[in-house]
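S.K.: Fold the following for me, if possible:
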Amino acid sequence: MTWRTATTQPAAWHEKAARRAGPRTHKGVVRLAAVTGAALAAVLVSGCGPSKPAAPAATGPHDLDASCRSTKTDAGIEVTLTVSPCPAKGGGSAGKASVTVKDAAGKAVEGAKVEVNSEMPNMKMKGGKQSASAKGDGYESKLVLGMPGDWQISLVVTPASGQASTTVFNVKAE
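M.R.: Numbers count the residues shown, from 1 in each chain. Okay, the predicted model is just below:
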């Protein structure tokens, strides 16, 4: 039994204790002091900062040009990513990622396995993995960017006779 539930105390005492404001135990007093101190510190600190909001942190360079296209080379494979609609849209609407893959001689690589992975590193958010299907001289996949902001699109290309290579493109979604 605790002091609050003890039957040896008179009933009038229990009623008076129930009406009393504030903590009733040592832990309650310590907890109240910690919360009050933290709230006071937050008020004091917020009053000391600049009056204007801070500028957003600078983001890395974006790889896509004005036509939403970029080409990179990795492990002797030239990979070109084209995003549509242009500019890339965030917010969950499905876009399209078109990928062309060429070997060191500049010939289109046919029969490769192409995987499109989107990730928003600042928010620790993944957009999912999509397998691209062959379309014309390249490959095409659905591209869903969950929200506006800076995204990384990783293209994992595994040629039929070769080793997988990963190429990362930085994309800004509006």
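S.K.: what's the weakest-modelled helix or strand in the chain?
M.R.: helix 26-46 (a mean of 57; mean pLDDT, DSSP states H and E).
S.K.: right, and the helix or strand after it?
M.R.: strand 69-74 (DSSP states H and E).
S.K.: Quick check: can you list the domain ranges of this structure?
M.R.: Following automatic domain parsing, the chain resolves into domains at 23-54, 69-173.
S.K.: Could you identify which of the ones you listed has the lowest mean pLDDT?
M.R.: Among the domains of the chain, domain 23-54 carries the lowest mean pLDDT, a mean of 54.
S.K.: Who are the contact partners of residue 100?
M.R.: 79-80, 82, 108, 137-139 (CB atoms under 8 Å, 6 or more residues apart in numbering). For glycine as for every other residue, the C-beta is placed from the backbone atoms N, C-alpha and C.
S.K.: Dump those residues to JSON lines, plus distance to residue 146.
M.R.: Formatted as JSON lines, the contacts of residue 100 follow (distance: CB to CB, whole Å):
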{"residue": "79", "distance to residue 146": "24"}
{"residue": "80", "distance to residue 146": "24"}
{"residue": "82", "distance to residue 146": "21"}
{"residue": "108", "distance to residue 146": "32"}
{"residue": "137", "distance to residue 146": "30"}
{"residue": "138", "distance to residue 146": "25"}
{"residue": "139", "distance to residue 146": "22"}
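S.K.: which of those sit farthest apart?
M.R.: 82 and 108 (14.7 Å; CB to CB).
S.K.: And the two? Which one has more around it.
M.R.: The residue with more neighbours, out of residue 82 and residue 108, is residue 82; 18 against 12, by other CB atoms under 10 Å.
S.K.: distance of the closest residue to residue 160 other than its chain neighbours from residue 161?
M.R.: The spatially closest residue to residue 160, leaving aside those adjacent along the chain, is residue 111, at 4.2 Å (CB to CB, 6 or more residues apart in numbering). Counting by CB to CB, to the nearest Å, the separation of residue 111 from residue 161 is 9 Å.
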